[in-house]
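Visitor: Starting from these lines, generate the structure:
(chains A and B)
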Amino acid sequence: MPALARAAGAMKAAAAVLGAGLFALAHGAPAAPSDDLLEPDQAFRPTARLLMGPPRGTVPALPAAIQVEYRIAQGYYLYRDRLRFDVQPPGLPVMPAEFPPATAMDDPFIGKTFIYREKVTITLPFSANVANPGAYRVRITAQGCAEERFCYSPFRQEVPIVGTAPSP
Amino acid sequence: MKGWLPFAGIAVLATLAGTSLFLAGRESAAPEPAPGAVEVTPAALLAARFVDAEGRPQSLAPLAGNVVILNFWATWCAPCREEMPGFVRLQTRWADRGVRFVGIANDESEKVAAFGRELGINYPLWVGGTEVMDLSRRLGNRLGVLPHSVILDPQGKVLETRIGPYAESALESRLAEIVVKSP
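Guide: Presented below is the predicted three-dimensional model:
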């Protein structure tokens, strides 16, 4: 290898280590100030919308599911197995929630737990022909944490279901 | 060709300094001040009722005269469990200077008891229902997060209310200030 190339490689490596050092210096400050604290509704932002089924011939598509999407603030995570959903007012025959794969987290005391970061979409299937599913709301019980800082005790959220079924 | 060596040296030093600062910051950082107002009088706090893991009624009243660290926690809360071994050591070191820790959880008593045994917790662990988090909120924990630590003076007055893990060294420094001032 020519001497120039070797020197350039070494400089690149040194720059990477320097970058890591500066990063570590920048993060040497103590915990974030209290104005960083997010309300549960700011840290975990749910929305719900109707997912339409495939159209069959000339028959308009029927709503097939409610999709609940969570936007999760950076540095926060949501526990998969502590999420509970129900639809208000009662009457919409919603089946058990379908969860996408979650990140496994090993907990020395409670074993393996599964969490979501950043964004997750959970599906609540239903197959009934309901006149106006958009009149319903999804009520959620959730639990999550700010990484290495604190955990929220179970909190409740309620969101409207956006979108309406097509006219029959 | 050897011109890069000084840069590498500086980089290594910066990395070491940054890492040390980061670790020192984590170890000594005090948790964040709880974001709400304290709405509980000392009398109401001393009268609040809890139960221990065996179901026996408990209250803070018998602890009056001590500096009490009231720690709201839960077995499912990882940051809560991280700080507790430090509390065990502090309880041992400060017991003869009138400092008492109490853990209060809105949790299942069997889980709390198992956790206490497994980690050798040497201070009382009490449990309660939703009233536990109601009390925590009225002690400044507006967001209802855990862990939440409240330091009470010997008369039951709230001296400090904080959320997030309380590093052992930071709490020890705080106790040293408080115990000197307390009669």
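Visitor: what domains does the record give for chain A?
Guide: Partitioning chain A according to automatic domain parsing yields domains covering residues A:1-33, A:40-163.
Visitor: just flag whichever of those domains has the lowest average confidence.
Guide: When the domains of chain A are compared on average pLDDT, domain A:1-33 comes out lowest at a mean of 42.
Visitor: At which residues are the helices of chain B located?
Guide: In chain B, helices defined by DSSP state H lie at B:5-28, B:42-47, B:78-94, B:109-119, B:130-138, B:168-181, listed in chain order.
Visitor: swap that for chain A, please
Guide: Using DSSP H, helices in chain A cover A:3-26, A:40-43.
Visitor: So for stretch A:87-95, what gets flagged as buried?
Guide: Of the residues in stretch A:87-95, those buried under the neighbour-count criterion (16 or more other CB atoms under 10 Å in any protein chain shown) are A:87, A:92, A:94. For every residue, glycine as well, the C-beta is placed using N, CA and C.
Visitor: Which positions within stretch B:156-169 qualify as buried?
Guide: Of the residues in stretch B:156-169, B:156, B:158, B:160, B:161, B:162, B:163, B:164, B:165, B:166, B:167, B:168 count as buried by neighbour count, 16+ other CB under 10 Å.
Visitor: Find out how far that stretch is from the centre of the chain, if you would.
Guide: Between the mean C-alpha location of stretch B:156-169 and the chain-wide mean there is a distance of 6 Å, by CA atoms, centre = their mean, to the nearest Å.
Visitor: Quick one: end-to-end length of that stretch, please.
Guide: Length of stretch B:156-169, first residue to last, CA to CA, to the nearest Å: 24 Å.
Visitor: and that stretch, does that touch chain A?
Guide: Yes - taking CB under 8 Å from any CB of the partner chain as the criterion, stretch B:156-169 and chain A are in contact, through B:163, B:164, B:165.
Visitor: For the last one, which residues are in contact?
Guide: Each residue near residue B:165 by CB atoms under 8 Å, 6 or more residues apart in numbering or on different chains is listed here: A:148, A:149, A:150, B:31, B:79, B:80, B:82, B:83, B:147.
Visitor: now those: which count as buried?
Guide: Of all these considered here, the ones buried according to neighbour count by 16+ other CB under 10 Å are A:149, A:150, B:31, B:79, B:80, B:83, B:147.
Visitor: which one in those is the model shakiest on?
Guide: Among the buried ones among the contacts of residue B:165, residue B:31 has the weakest pLDDT, 76.
Visitor: Who are the contact partners of that one?
Guide: In this structure, residue B:31 makes contact with A:31, B:147, B:149, B:162, B:163, B:164, B:165, B:166, B:167, B:170, judged by CB under 8 Å, 6+ apart.
Visitor: Go again with 6 Å.
Guide: Contact criterion CB atoms under 6 Å, 6 or more residues apart in numbering or on different chains gives B:162, B:163, B:164, B:166 as the residues in contact with residue B:31.
Visitor: Just flag the most distant two among these.
Guide: Greatest spatial distance among these (CB to CB): B:163 and B:166, at 9.5 Å.
Visitor: Quick check: nearest residue in space to residue B:72, chain neighbours excluded?
Guide: Counting by CB to CB, 6 or more residues apart in numbering or on different chains, residue B:148 is the residue found nearest to residue B:72 once chain neighbours are left out, at 4.1 Å.
Visitor: For that neighbour, the count of nearby residues, please.
Guide: Using other CB atoms under 10 Å in any protein chain shown, residue B:148 has 29 neighbouring residues.
Visitor: OK, contacts around it?
Guide: By CB under 6 Å, 6+ apart, the residues touching residue B:148 are B:72, B:136, B:141, B:163.
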